[in-house]
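Colleague: My questions concern the predicted model and sequence given below.
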There are 2 protein chains.
Amino acid sequence: MNEQDFSYLHALLEDNSLKQLRDELADMAYPDIAEFIMEFDDDKIAVRLFRILPKDISADVFAYLDLDNQQAIVQSITDSEIQRLMDDLFVDDAVDFLEEVPANIVRRVLANTDKETRDTINRFLKYPENSAGSVMTNEMVELHDRLTVADAVKSIRRNGVDKETIYTCYVIDDGRRLVGTIPLRRLLLNDDDTPLTEIMSDDEQLIFVRTMDDQEEVASVAKKYDLLSVPVTDKEDRLVGIITIDDIVDIIDEEATEDMEKMALLTPSEDEYLKTGVFSLAKNRFGWLLLLMIASTFTGQIIEGFENQLATIAGLTACIPMLMGTGGNSGNQVSTLIIRGLALGEVKIKDYFKILWKEIRVSLMVGIALAVANVARMLIVRALTGGDTANSVIMVVSLSVAAVVIVSKTIGCTLPIVAKILKLDPALMAGPLITTLVDTISLIIYFALTRALIPMG
Amino acid sequence: MNEQDFSYLHALLEDNSLKQLRDELADMAYPDIAEFIMEFDDDKIAVRLFRILPKDISADVFAYLDLDNQQAIVQSITDSEIQRLMDDLFVDDAVDFLEEVPANIVRRVLANTDKETRDTINRFLKYPENSAGSVMTNEMVELHDRLTVADAVKSIRRNGVDKETIYTCYVIDDGRRLVGTIPLRRLLLNDDDTPLTEIMSDDEQLIFVRTMDDQEEVASVAKKYDLLSVPVTDKEDRLVGIITIDDIVDIIDEEATEDMEKMALLTPSEDEYLKTGVFSLAKNRFGWLLLLMIASTFTGQIIEGFENQLATIAGLTACIPMLMGTGGNSGNQVSTLIIRGLALGEVKIKDYFKILWKEIRVSLMVGIALAVANVARMLIVRALTGGDTANSVIMVVSLSVAAVVIVSKTIGCTLPIVAKILKLDPALMAGPLITTLVDTISLIIYFALTRALIPMG
């Protein structure tokens, strides 16, 4: 059902039937209107479409547009249109936009908002990136702790229209401190004269975050307690905002993307791939590649020290890529599981010895099975190609496979946990970094076994 | 605020102060009660704790427990306790549980539910894994399209207590067909005598999924339209269930985990790492490792065919790991970006040529920069170690670095898109698979450049 067909709208636009187009758009869901507008690479058409939207939905659509379109629109509309737009936008969407645009646009926008909105936005803009404060909104339902259910419902009916959500209400005391929460559902299912304090969740059940908490913390609280919005308090326990589930869903996606980027040793970027410039893409990738290239100097040195043996024993060199590949892949498999487990809270530091014991058993099984498979593989290749690989070489390579799997699984489960203990990001301890480390160790094992088991001429 | 301290509860349990423990638990949030119960490795204690919970919250806590604990509890409680538990559980939680437990438990549970619940559960259990039908619940607010706002609010107050959410209401016609949706908020902010048909979202704005749609589709609809619940209809457009945002959040996490596992070439598993047996972990890893080991036979053959040159020219062999590593890492970086972009819908198949053109420019910049860095690296190593690497070797290796980066970035951005076109999972086209492919191509480039540029003795 989600394949959008906008051909009828395109036809109306080409016919210049703007009134009809406007009526069609007004009937559509905001994200679909935004999707249609974003189809045009030409900013002028996007601005023109935006301006024909009915005024009461234009801010809703604006929030779903790309930054490029948003910026083009703000640069083309009048001061009074900006004022109306800023009034209608939720504070979190306004802040998201203003965080990304050049300073001159921020100045112009702020010059066209009333003092109260301006102060709020300025305060929100000061919170560090990815903090709870930077993603919250202040449009929530606040109820005084002296109210009854009937008062509360009346207050919501009067003020609810401007709130980002009314489904969880926040109870505050005279000092604006958060003292409880009430789902709207509980309000509706209780009698009119029940005092809020009797039915609100308080004390042990009061879930909140602080303005300076990381957005990851917000997401994990929301997930654990199945919240539709998470309240944010300042250091004095005063309620200053909420973060709604739609933003939390975005945070969850963002954090998973960031972890994947780090696991591939990319410097994470908040921008979508297609919107990131060539130069920043190159910059995000170069540093790690350089570092790993320099690190591979060690593997080079190890091979050079062994070049005579490699040259004289047939088949030894040919197995280097297979051994390094198997080691890297084995380590990558387990580090991915541990990194993701840590991110989701399914694995904790205290589980390390459980994990290690599990990985030792798993790697013994996998290592031995692969070693056996390798004997078969090398015998078949020798028979088919009439090669001169000695039995002793086949034995050394196969033993090395088993040893490399065991060592790399051990390293793969250890490094993410070590990173977590050192308060580094476990996601960095993934594929490429582990591969480079395991490469070196694989070669050392391989050459040591060769020296020990193959008599030199 | 999320560090849970359960030491007081542990003390009460040790003192056997069960009544006091029960009162403490009754005041806590359900996920925290579940967390406390799950701390005990001994199922008997978990069952005992569960049984002291007040009856009206035990089903809510049950839904947050691990499968192991759930199973232990169901095996220890009486038939009438099972009946009560099944009555109180939401259908989606009951189905989640029954999908995972052995058939004899399913039979016993179903024998202790009333016919209506049993029929519903049986129907839900038939939907394929990961389909919308398998994750939905049927406890939603359905309103007839002849009602007014006042009727609707009355009906919600009467029936709302058993519904999983009341925040989005679904309007149906005489044939139980879904004809519109109304957020509770809109109900409350409209006059009592407004007909629902006047204020519901219908036609173009009606968002729903089908029972057989994949859960990924559910998540992407919910994200796009910021829905708190997604309605599910059968082929005749009849409303059969809804999927709530808390389950959608779990789906989002699950899908990201699955992609990461595939990217590390692990056979995805739905179970948490710590709960997966050693044998299934080994099985999930062995197949791909074996396949890649066999694939590396080709690199081995290429090296064997070149063994004479490798043996006679100093420094050539030592650079193989560096070249293969750089190629694998470069390819991995871009494939990760494309795979994630495809998963989030930020990148589409039609963008391929845009992506390719971008990657060609990025890889030229990165490739040339790395080649220059490599000249410096090899000159420094030669000076420090007094090695005998010829200038021509340094030149060939550095040219190969640039070529390998360009080729692997091209492959890295192409394979995930090709997989998408072939309706395969793009996540499989990540690190390990690309590394193995790039390894072979890197060697071919390297040896071809060596042949062309270094005069053989």
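Modeller: Ah, there it is. Numbers count the residues shown, from 1 in each chain, chains lettered A, B, ... in the order given.
Colleague: Report whether the helix ranked longest in chain A contacts chain B.
Modeller: Assignment by DSSP state H gives helix A:352-385 as the longest helix of chain A. Yes - using C-beta under 8 Å from any C-beta of the partner chain, helix A:352-385 reaches chain B at A:354-355, A:358, A:361-362, A:365-366, A:369-370, A:373-374, A:377, A:381, A:385. Quick note: C-beta positions are derived from backbone N, CA and C, even for glycine.
Colleague: tell me the average confidence for that helix?
Modeller: Mean pLDDT, helix A:352-385: 87.
Colleague: For it, name the packing helices and strands.
Modeller: When contacts are defined as 3 or more C-beta pairs under 8 Å, 6 or more residues apart in numbering or on different chains; DSSP states H and E, helix A:352-385 packs onto helix A:320-344, helix A:391-421, helix B:278-305.
Colleague: Distance check, the nearest residue to residue A:409 once chain neighbours are set aside against residue B:86.
Modeller: Nearest residue to residue A:409, sequence neighbours excluded (C-beta to C-beta, 6 or more residues apart in numbering or on different chains): residue A:363, at 3.7 Å. Applying C-beta to C-beta, to the nearest Å, the value for residue A:363 to residue B:86 is 43 Å.
Colleague: For those two, indicate the residue with more neighbours.
Modeller: Legend: neighbour count by other C-beta atoms under 10 Å in any protein chain shown for residue A:363 and residue B:86, higher for residue A:363 (28 against 22).
Colleague: if I pick that one, what's in contact with it?
Modeller: A:330, A:405, A:406, A:408, A:409, A:410 (C-beta atoms under 8 Å, 6 or more residues apart in numbering or on different chains).
Colleague: per-residue pLDDT, the first one?
Modeller: As predicted, residue A:330 sits at a pLDDT of 85.
Colleague: likewise the second one?
Modeller: Here the pLDDT value assigned to residue A:405 is 91.
Colleague: re earlier: relative to residue B:321, which of the helices and strands packed on helix A:352-385 is closest?
Modeller: Smallest distance to residue B:321 across these (C-beta to C-beta): 6.2 Å, for helix A:320-344.
Colleague: does chain B sit close to that closest one?
Modeller: Yes - residues of helix A:320-344 are located near chain B by C-beta under 8 Å from any C-beta, namely A:320-322, A:324-326, A:328-330, A:332-333, A:335-341, A:344.
Colleague: how much distance is there from the worst-scoring helix or strand of chain A on mean pLDDT to the middle of the chain?
Modeller: Ranked by mean pLDDT, DSSP states H and E, the weakest helix or strand in chain A is helix A:307-312, scoring a mean of 76. Computed by C-alpha atoms, centre = their mean, to the nearest Å, the chain-centroid distance of helix A:307-312 equals 48 Å.
Colleague: For it, which helices and strands make contact with it?
Modeller: Using 3+ C-beta pairs under 8 Å, 6+ apart: helix A:307-312 touches helix A:431-453, helix B:307-312.
Colleague: Tell me which of those helices sits most buried.
Modeller: Neighbour counts (mean count of other C-beta atoms under 10 Å in any protein chain shown) averaged over each of the helices and strands packed on helix A:307-312 peak at helix A:431-453, with a mean of 21.
Colleague: Can I get that helix in CSV? Just the C-alpha atoms.
Modeller: This file holds the C-alpha atoms of helix A:431-453, laid out as CSV (Å, rounded to 0.1, in the frame of the first residue of the first chain):
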residue,chain,number,x,y,z
GLY,A,431,35.8,-6.1,11.8
PRO,A,432,38.6,-4.0,10.4
LEU,A,433,40.4,-3.4,13.7
ILE,A,434,40.1,-7.0,14.8
THR,A,435,41.1,-8.2,11.4
THR,A,436,44.3,-6.2,11.4
LEU,A,437,45.2,-7.5,14.9
VAL,A,438,44.3,-11.0,14.0
ASP,A,439,46.3,-10.9,10.8
THR,A,440,49.5,-10.4,12.7
ILE,A,441,48.7,-13.0,15.3
SER,A,442,47.7,-15.5,12.6
LEU,A,443,51.0,-15.1,10.8
ILE,A,444,52.9,-15.6,14.0
ILE,A,445,51.0,-18.8,14.8
TYR,A,446,51.4,-20.0,11.3
PHE,A,447,55.2,-19.4,11.1
ALA,A,448,55.8,-20.8,14.6
LEU,A,449,53.9,-24.0,13.7
THR,A,450,55.9,-24.2,10.4
ARG,A,451,59.2,-23.9,12.2
ALA,A,452,58.2,-26.4,14.8
LEU,A,453,56.8,-29.1,12.5
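Colleague: Which strands or helices does that helix pack on?
Modeller: Against helix A:431-453 (3+ C-beta pairs under 8 Å, 6+ apart) you get helix A:278-305, helix A:307-312, helix A:320-344, helix A:391-421, helix B:320-344.
Colleague: how about those helices in a markdown table, adding distance to residue B:101?
Modeller: Formatted as a markdown table, these follow (distance: least, C-beta to C-beta, whole Å):
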| stretch | distance to residue B:101 |
| --- | --- |
| helix A:278-305 | 45 |
| helix A:307-312 | 56 |
| helix A:320-344 | 23 |
| helix A:391-421 | 30 |
| helix B:320-344 | 31 |
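Colleague: For residue A:7, which of the ones you listed is the nearest?
Modeller: Nearest to residue A:7 among those is helix B:320-344 (24.6 Å), distances taken as C-beta to C-beta.
Colleague: Just confirm residue A:245 contacts residue A:226, I think it does.
Modeller: No - proximity of residue A:245 to residue A:226 does not meet the contact threshold set by C-beta atoms under 8 Å, at 9.5 Å.
Colleague: higher neighbour count, those two?
Modeller: Counted by other C-beta under 10 Å, residue A:245 and residue A:226 do not tie: residue A:245 has more neighbours, with 24 against 18.
Colleague: And for the nearest residue to the more buried one once chain neighbours are set aside, the neighbour number?
Modeller: The shortest distance from residue A:245 to any non-neighbouring residue, by C-beta to C-beta, 6+ apart, is to residue A:228 (5.0 Å). Applying other C-beta under 10 Å, we find 21 residues neighbouring residue A:228.
Colleague: quick one, what contacts residue A:171?
Modeller: Residue A:171 makes contact with A:142, A:143, A:144, A:145, A:178, A:179, A:180, A:181, A:182, A:196, A:197, A:200 under the criterion C-beta under 8 Å, 6+ apart.
Colleague: Going along the chain, name the strands of the stretch 101-250 of chain A.
Modeller: Remark: strands assigned in the stretch 101-250 of chain A by DSSP state E, counting those that start in this stretch are A:142-144, A:168-172, A:178-183, A:209-210, A:229-233, A:239-244.
Colleague: The first one and chain B, are they touching?
Modeller: No - Strand A:142-144 stays clear of chain B (C-beta under 8 Å from any C-beta), getting no nearer than 14.6 Å.
Colleague: Please state the offset of stretch A:116-123 from the chain centre?
Modeller: The answer for stretch A:116-123 is 28 Å, by C-alpha atoms, centre = their mean.
Colleague: what are the C-alpha coordinates of that stretch, in CSV please?
Modeller: Output of stretch A:116-123 as CSV, limited to C-alpha atoms (Å, rounded to 0.1, in the frame of the first residue of the first chain):
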residue,chain,number,x,y,z
GLU,A,116,9.1,33.9,24.6
THR,A,117,9.6,31.5,21.7
ARG,A,118,13.0,33.2,21.0
ASP,A,119,14.1,32.6,24.6
THR,A,120,13.0,29.0,24.6
ILE,A,121,14.7,28.3,21.3
ASN,A,122,17.9,30.0,22.4
ARG,A,123,17.9,28.0,25.6
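Colleague: pretty sure residue A:109 contacts residue A:102?
Modeller: No - using C-beta under 8 Å, residue A:109 is not in contact with residue A:102, being 11.0 Å away.
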